[in-house]
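Student: Please work out how this folds:
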Amino acid sequence: MKFKLIVLSALAAAATFTAAAQQATPTPAIYSAKTLAELPLVRDAALKSDYAYERTRFMTNNIGPRLSGSAQAARAVEYVAEEMRELGLEVRLQELKVPHWVRGIETGELTEFPGMAKGTTQKIVLTALGGSVATPESGLTAELVVVTSYEQLERLGRKGIEGKIVLFNEKFDHRLSDSGEGLKAYGQAVRFRGGGPSAASRLGAVAVLVRSAGASQMRLPHTGGTRYADDVKKIPAASVTYEDADLIDDLVKQGTTKMRLVLTPKTYPDAVSHNVIADLKGSERPDEIVIVSGHLDSWDLGTGALDDATGVAAAMQVPYLLKQLGLQPKRTIRVIAYMNEENGLVGGTEYAKAEANNIANHIAAIEADLGASHPMGVLFAGKPEALPFFTPFLEVLREHGSGLIRTEGGVGADIGPLTQRGVPSFAPWFNTRTYFMYHHTAADTFDKVNPEELARVGSVMAVTAYALANMEQPLPR
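Tutor: This next block holds a predicted model:
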């Protein structure tokens with residue numbers, strides 16, 4: 001994805017705003033004095049609140065993993081709706097048809113490899129990719145072949161691939177991750193998870209393994225969705241751990257290595273689910289909307305704490321804080337808990353479709369979906385001319401080290417369809433150095449959530465939302 005990177009200190013942004021102001025006389029105020037006085041109150045209330053932390057606790061420990069179509073996903077919809085009604089918000093459920101895929105048995109073992117002790121096998125730790133088809137119930141056994149690129153796969157051709165299990169052994173770039181750019185490292189590695197099975201199937205492979213597209217080196221497989229092209233036979237697909245990918249690669253280099261793979265997932269007809277939409281009505285422009293959001297579904301290996309119970313909980317906390325402070329935004333603040341971000345993006349897509357004729361009234365959209373580490377500031381997708389509008393609330397957030405802004409082409413999957421339609425979009429800007437150690441693994445659990453860091457995330461969400469809802473003029477778009 002091409003993006004333009006702009007990191008502005010509050011001082012530099014203020015200078016930009018001053019220069020722009022000198023060119024237009026008179027310049028209308030962006031925020032009232034009252035709003036500017038209230039923003040620090042919102043910030044401090046968020047830093048002291050445990051509302052988001054406790055809602056994250058319930059969604060993860062009490063409800064558990066929330067894969068689309070599951071009973072837990074349905075319970076999570078009920079829970080968020082109940083909580084928002086309790087705050088006095090206007091709540092509605094947007095009905096969706098979502099994929100319903102259920103993970104079954106998943107085992108792997110090396111049955112033939114150089115130097116093996118007679119009568120033994122070696123266990124391979126793996127997990128099915130979301131949407132994978134099953135092996136025969138008794139499993140399948142085939143020789144392994146290892147590739148590191150699509151080009152290498154094509155060079156091997158049908159002669160080198162047919163009848164074999166292909167391992168795509170693309171290593172997650174820990175150098176990028178360690179520098180705080182885990183998302184970029186993930187973007188490089190994840191391409192084989194989505195397209196690898198179809199590419200290998202075209203050449204006659206019987207199954208595909210993909211090296212985990214994450215940073216964990218604790219023998220934890222990293223799941224995620226795969227996509228089958230319409231013109232290929234669907235073959236079983238699984239993710240193997242960092243360690244087991246290295247093991248397979250080493251043994252294949254030594255000689256013939258075979259594996260027995262058992263996957264028994266099932267795909268059921270699409271299930272009925274819902275987006276939860278809750279409105280805190282605006283006092284002056286109730287038809288104009290500022291969205292705060294996260295996605296309610298999660299993968300099923302862990303309990304979806306960082307991905308993305310924390311994002312949903314931080315969004316839920318925004319109206320809670322404003323109610324506690326007795327503040328009413330001028331525009332409507334709309335909390336959305338999207339369903340099916342992980343394996344279909346149905347919630348975000350259907351919301352944008354339903355609001356197609358009302359896009360002009362969507363003033364801004366905010367989504368939190370990259371964990372809950374310390375936020376450095378805000379990501380923004382929109383017109384560069386809007387950047388000076390953000391200086392006042394970035395100054396407020398600078399008090400806890402979250403006053404930077406960076407522009408990108410897109411900042412959130414669920415709000416992506418709105419961004420594409422011109423809605424200015426925002427997200428907390430995280431250092432993703434550690435996030436992909438847990439992302440889509442069994443380790444994404446409540447204990448990974450730091451309450452102080454989540455409080456800062458909640459502060460970024462609440463201050464940004466309240467500022468945008470109270471602007472005296474709309475953002476350029």
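
Student: for the chain, longest strand please?
Tutor: strand 266-280 (DSSP state E).

Student: Which positions within that one qualify as buried?
Tutor: 270-271, 273-280 (16 or more other C-beta atoms under 10 Å). (C-beta placed from N, C-alpha, C; glycine too.)

Student: Could you tell me the end-to-end distance of stretch 136-150?
Tutor: Its start and end residues considered, stretch 136-150 measures 27 Å (C-alpha to C-alpha, to the nearest Å).

Student: nope, stretch 368-384 is what I meant
Tutor: Stretch 368-384: ends 21 Å apart by C-alpha to C-alpha.

Student: what about the nearest residue to Glu385 once chain neighbours are set aside, how many neighbours?
Tutor: Here the nearest residue to Glu385 in space, its sequence neighbours aside, is Pro476; by C-beta to C-beta, 6 or more residues apart in numbering that works out to 4.3 Å. Residues lying near Pro476 (other C-beta atoms under 10 Å) number 13.

Student: Where does pLDDT dip in the stretch 151-300 of the chain?
Tutor: Along the stretch 151-300 of the chain, no part satisfies pLDDT under 70.

Student: show me where it has strands.
Tutor: If DSSP state E, counting those that start in this stretch is used as the criterion, the strands of the stretch 151-300 of the chain fall at 165-168, 207-211, 237-240, 258-263, 266-280, 285-295.

Student: Distance to Arg85 added to those strands, as JSON lines?
Tutor: Listed next are the strands of the stretch 151-300 of the chain as JSON lines, based on distance: least, C-beta to C-beta, whole Å:
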{"stretch": "strand 165-168", "distance to Arg85": "47"}
{"stretch": "strand 207-211", "distance to Arg85": "42"}
{"stretch": "strand 237-240", "distance to Arg85": "39"}
{"stretch": "strand 258-263", "distance to Arg85": "41"}
{"stretch": "strand 266-280", "distance to Arg85": "8"}
{"stretch": "strand 285-295", "distance to Arg85": "17"}
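
Student: So which residue of this structure lies furthest out from the middle?
Tutor: Lys118 (45.5 Å; C-alpha atoms, centre = their mean).

Student: helix or strand for the residue nearest to Glu385, which one?
Tutor: Pro476 belongs to no helix or strand when assigned by DSSP states H and E.

Student: check contacts around it.
Tutor: 382-383, 385-386 (C-beta atoms under 8 Å, 6 or more residues apart in numbering).

Student: ok, of those residues, which one's closest to Phe436?
Tutor: Gly382 (26.8 Å; C-beta to C-beta).

Student: so what's the nearest residue to that closest one once chain neighbours are set aside up against?
Tutor: Once flanking residues are discounted, Gly382 sits nearest to Pro424: 3.7 Å by C-beta to C-beta, 6+ apart. Under the criterion of C-beta under 8 Å, 6+ apart, the contact list for Pro424 reads 363-365, 380-383, 386, 475, 477.

Student: if we can go back for a sec, of all the strands of the stretch 151-300 of the chain, which one is nearest Thr349?
Tutor: Short answer: strand 266-280, nearest of the strands of the stretch 151-300 of the chain by C-beta to C-beta, at 10.5 Å.

Student: and the angle for that closest one with strand 285-295?
Tutor: In terms of direction (axes from the mean of the first three to the mean of the last three C-alpha atoms, to 10 degrees), strand 266-280 departs from strand 285-295 by 140 degrees.

Student: What is strand 266-280 packed up against?
Tutor: helix 71-86, strand 90-102, helix 310-325, strand 331-338, helix 346-354 (3 or more C-beta pairs under 8 Å, 6 or more residues apart in numbering; DSSP states H and E).

Student: rewinding a little: partner strands of the longest strand of the chain and their direction?
Tutor: Using DSSP bridges, strand 266-280 pairs in its sheet with strand 90-102 (antiparallel), strand 331-338 (antiparallel).

Student: Quick one, which of those strands gets closest to Val457.
Tutor: strand 331-338 (15.1 Å).

Student: sec struct for the residue nearest to the spatial centre of the chain, please.
Tutor: Closest to where the C-alpha atoms of the chain average out (C-alpha atoms, centre = their mean) is Asp369, at 4.3 Å. Following DSSP: H, G, I helix; E, B strand; the rest coil, Asp369 is assigned to coil.

Student: same check, this time on Arg433
Tutor: Strictly by three-state DSSP, Arg433 counts as coil.

Student: The protein - how does it break down into domains?
Tutor: Listed by automatic domain parsing, the domain ranges of the chain are 10-100+269-469, 104-264.

Student: Buried deepest among those, which one?
Tutor: Each of the domains of the chain was scored by mean neighbour count; the highest is domain 10-100+269-469, a mean of 21, by mean count of other C-beta atoms under 10 Å.

Student: From the chain's centroid, how far away is it?
Tutor: 12 Å (C-alpha atoms, centre = their mean, to the nearest Å).

Student: what's Thr257 in contact with, if anything?
Tutor: Here Thr257 is in contact with 110, 112-114, 143-144, 248, 251 (C-beta under 8 Å, 6+ apart).

Student: And it, how close does it get to Phe113?
Tutor: 4 Å (C-beta to C-beta, to the nearest Å).

Student: Quickly list what's touching both of these two.
Tutor: What both Thr257 and Phe113 touch, as defined by C-beta under 8 Å, 6+ apart, is the set Leu251.

Student: so Ile333 bridges to which residues?
Tutor: Residues in beta-bridge contact with Ile333 (DSSP bridges): Leu280, Val290.

Student: what is the orientation angle of the longest strand of the chain with helix 310-325?
Tutor: On the basis of the same axes, to 10 degrees, strand 266-280 is oriented at 20 degrees to helix 310-325.
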